[in-house]
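> just need the structure, nothing else, for what follows:
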Amino acid sequence: MSSIADNLGTVTRRIQKATLKAGRAPGSVQLMAVSKTRQASDLRAAYEAGQKAFGENYLQEALTKIDALADLSEIEWHFIGPIQSNKTRQLAEAFDWVHSVDRLKIARRLSEQRGGSGSPLNVCLQVNINEEDSKAGCLLGDLPALAREVMTLPNISLRGLMAIPDPDQPEADLRASFRKLADALQALQQNEYHGKTPDTALDTLSIGMSADLELAIEAGATWVRVGTAIFGARD
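Residues are numbered from 1 along each chain as shown. Take a look at the predicted model:
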């Protein structure tokens, strides 16, 4: 059985190869280790092998791990799951990134509850790219207005877009879904609402998982979210 460190090396090489093939700059794609349901010891092993960014879907489970790994000074916590409005305070206080903001109410609460004492909370707007009934996210048609409102909020920084297209769709359709989100980000970058600061504004496309990260990188992904290929199949 491969170790977590071995698996990380394999995934990193896949990312590097796909980045080169896409003609993109080395280091332009970052790896988020999706660590839902994994033990804190698994995350610690990944951290010791060089992984710093971890993505969690379930708040209470994540808070337990954040506490258990508080000694890891460079660890970076990303929330990628559905957001309940009564849980935003803990998200605002404990995480570095929230990728799954899909409505203005959530963004406003995160802004208010982050406070002004620390660094802004990095957020992405989750888009329901193919308008699937089972998926969270704002619709493409609603995206420009939502982005405009979120950019006015203090204490958060709108970094870009996130989507979770159906991974079981044909490759051509999946490629088209990724391209659609990339085009939506480019449209936001080009319009009058281009972000708060030149160095961090709208620079993020959070797409791609273990099975399809190459397609996502081809489309312009800057974060790929990988769990199984790092930690193995979940029980």
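> and Asp6, what element?
Using DSSP states H and E, Asp6 sits in helix 4-21.
> surely Thr10 touches Ala229?
Yes - between Thr10 and Ala229 there is a contact under C-beta atoms under 8 Å: 7.2 Å. Quick note: C-beta positions are derived from backbone N, CA and C, even for glycine.
> looking at the two, which has the bigger crowd around it?
Ala229 (19 against 13; other C-beta atoms under 10 Å).
> what separation do you get for the residue nearest to that one when sequence neighbours are not counted and His78?
Excluding the flanking residues, the one nearest Ala229 by C-beta to C-beta, 6 or more residues apart in numbering is Ser210, at 4.0 Å. Counting by C-beta to C-beta, to the nearest Å, the gap from Ser210 to His78 is 16 Å.
> quick one, which of the two is more surrounded?
Legend: neighbour count by other C-beta under 10 Å for Ser210 and His78, higher for His78 (25 against 17).
> distance check, the more buried one against Ile129.
Distance, His78 to Ile129, by C-beta to C-beta: 19 Å.
> and Ser111, by the same measure?
For Ser111, the distance to Ile129 (C-beta to C-beta) stands at 25 Å.
> and these two? Which one has more around it.
Ranked by neighbour count (other C-beta under 10 Å), Ser111 and Ile129 place Ile129 first, with 24 against 21.
> that one touches Leu139, doesn't it?
No - contact criterion C-beta under 8 Å: Ile129 and Leu139 do not qualify, at 9.1 Å.
> for this protein, longest helix please?
Across the chain, the longest stretch assigned as helix under DSSP state H is helix 171-190.
> buried ones in it?
For helix 171-190, burial by neighbour count (16 or more other C-beta atoms under 10 Å) applies to Leu174, Arg175, Ser177, Phe178, Lys180, Leu181, Ala182, Ala184, Leu185, Leu188.
> give the contact list for the second one.
In this structure, Arg175 makes contact with Leu215, Glu218, Ala219, judged by C-beta atoms under 8 Å, 6 or more residues apart in numbering.
> recalculate using a threshold of 6 Å.
By C-beta atoms under 6 Å, 6 or more residues apart in numbering, the contact list for Arg175 reads Leu215.
> what about Pro26, helix or strand, and which?
Judged by DSSP H and E, Pro26 forms part of no helix or strand.
> give the buried residues for stretch 86-93.
For stretch 86-93, the buried set under the neighbour-count rule, 16+ other C-beta under 10 Å, comprises Lys87, Thr88, Gln90, Leu91, Ala92.
> please apply the same query to stretch 88-108.
88, 90-92, 95, 97-103, 106-108.
> again, but for stretch 72-84
Neighbour counts over stretch 72-84 (16+ other C-beta under 10 Å) mark Ile75, Glu76, Trp77, His78, Phe79, Ile80, Gly81, Ile83 as buried.
> ok so the last one is a strand residue?
No - assessed with DSSP: H, G, I helix; E, B strand; the rest coil, Ile83 is coil; it does not lie in a strand.
> which residue comes closest to it once chain neighbours are left out?
Ile83 sits nearest to Ile106 (C-beta to C-beta, 6+ apart), 5.2 Å away.
> one more: the third one?
In space, not counting the residues next to it along the chain, Trp77 is nearest to Phe95; the distance is 4.7 Å by C-beta to C-beta, 6+ apart.
> surely that neighbour meets Gly81?
No - the pair Phe95 and Gly81 does not pass the contact test of C-beta atoms under 6 Å, sitting 11.0 Å apart.
> circling back to that earlier point, could you dump the buried residues of helix 171-190 to a markdown table with pLDDT and distance to Thr19?
Output for the buried residues of helix 171-190, formatted as a markdown table (pLDDT from 0 to 100; distance: C-beta to C-beta, whole Å):
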| residue | pLDDT | distance to Thr19 |
| --- | --- | --- |
| Leu174 | 94 | 19 |
| Arg175 | 95 | 17 |
| Ser177 | 95 | 20 |
| Phe178 | 96 | 15 |
| Lys180 | 95 | 21 |
| Leu181 | 96 | 18 |
| Ala182 | 97 | 15 |
| Ala184 | 96 | 22 |
| Leu185 | 95 | 18 |
| Leu188 | 92 | 23 |
